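A.B. asks: Need a 3D model of the following:
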Amino acid sequence: MTRKGRVGFELLLGQVLDALPPAPAAVVDAGGGTGQLAVALAGHGYRVTVVDTSAAMLATCAQRAADEGDEVVGRVATVQGDAADLPGLLGEGSQDAAVCHDLLTRVDDQAALVGSLAGVLAEGGVLSLGFANRDWLALRAGRRGDHADALRLVESGGDRGSEAVTLIEAEQLLDKAGLALAAAYGVGVFAEAGDDDLNREELAALIELERQVAGREPYRSSARTLHLVARRGVFRPELPGDRL
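C.D. replies: The predicted structure follows:
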């Protein structure tokens, strides 16, 4: 993993840990692939079940967990299957929390996926949902002078087949599934590809800057990735950092 990748992952992991109920809560990682996030959560004491369609990725996940030792490997289970059928695979209301990152924009039926995530959660259970932010893609295209592509991205609202979605679209999916949005964060507001060349002091400043603006507008909506935290069966409070 590159340093930029490590920075983004550590920022995301911190947000996820803040959102989850205390360990050893049961967590499903939907579309968790090779288990980067799942194994990290297991290292913090969570009991994590990784659900993915790829047997090869699940094998890599199991090996990643084994490399961390007996305690971690004992907290990680793998299930081969479709994340759109989590209640059928694991049981309705069986999980204290669900994490689903980088899967929302890779499925044909986003509503079905979010509905499955809601269905596997116990009452009051927490969902951590991460996805590529289409507003960031539009900003990037426009700043590069590719105005036609920026226009396409701006006008593709409601196009569930697009490569990214917006905060508003994701909140609509959550509402439809009976999930209340509790927090919304950005990951990767200022981080760029050249961050591998930063020295320790510059890197520390970048990480602190990202943490400071993660929940604040207009920074959040211009982040590369959006991370939403929602709960099943509770009312939505004011979002952290909302500054209208």
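
A.B. asks: Spell out the residue ranges of the helices in the protein.
C.D. replies: Across the chain, reading from the start of the chain, the helices by DSSP state H fall at 3-19, 36-43, 55-67, 70-73, 86-90, 110-120, 134-143, 147-155, 167-176, 200-213.

A.B. asks: Only the buried residues of the longest strand that the chain contains, if you could.
C.D. replies: Of all the elements of type strand in the chain, the one with the most residues (DSSP state E) is strand 121-132. Neighbour-count burial for strand 121-132, counted by 16 or more other C-beta atoms under 10 Å, picks out 121-122, 125-132. Heads up, the C-betas are built off the backbone N, CA and C, glycines and all.

A.B. asks: Any idea which of the helices of the chain gets closest to Ala97?
C.D. replies: Proximity of the helices of the chain to Ala97 was assessed by C-beta to C-beta; the nearest stretch is helix 3-19, lying at 8.0 Å.

A.B. asks: Okay, angle between the closest one and helix 200-213 too, please.
C.D. replies: Angle, helix 3-19 to helix 200-213, by axes from the mean of the first three to the mean of the last three C-alpha atoms, to 10 degrees: 40 degrees.

A.B. asks: Summarise which helices and strands helix 3-19 is packed against.
C.D. replies: Based on contacts counted as 3 or more C-beta pairs under 8 Å, 6 or more residues apart in numbering; DSSP states H and E, the elements that helix 3-19 packs against are helix 36-43, strand 95-101, strand 121-132, strand 179-187, helix 200-213, strand 225-232.

A.B. asks: Now the ones you listed in CSV, please, with extra columns for mean pLDDT and distance to Gly74.
C.D. replies: Formatted as CSV, the helices and strands packed on helix 3-19 follow (pLDDT from 0 to 100; distance: least, C-beta to C-beta, whole Å):
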stretch, mean pLDDT, distance to Gly74
helix 36-43, 98, 8
strand 95-101, 98, 18
strand 121-132, 97, 22
strand 179-187, 96, 30
helix 200-213, 92, 31
strand 225-232, 97, 27
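
A.B. asks: If you average pLDDT per helix and strand, which one of this structure comes out bottom?
C.D. replies: Counting by mean pLDDT, DSSP states H and E, the chain has its least confident helix or strand at helix 3-19, which shows a mean of 84.

A.B. asks: what's the angle between that helix and strand 179-187?
C.D. replies: Calculated by the same axes, to 10 degrees, helix 3-19 forms an angle of 150 degrees with strand 179-187.
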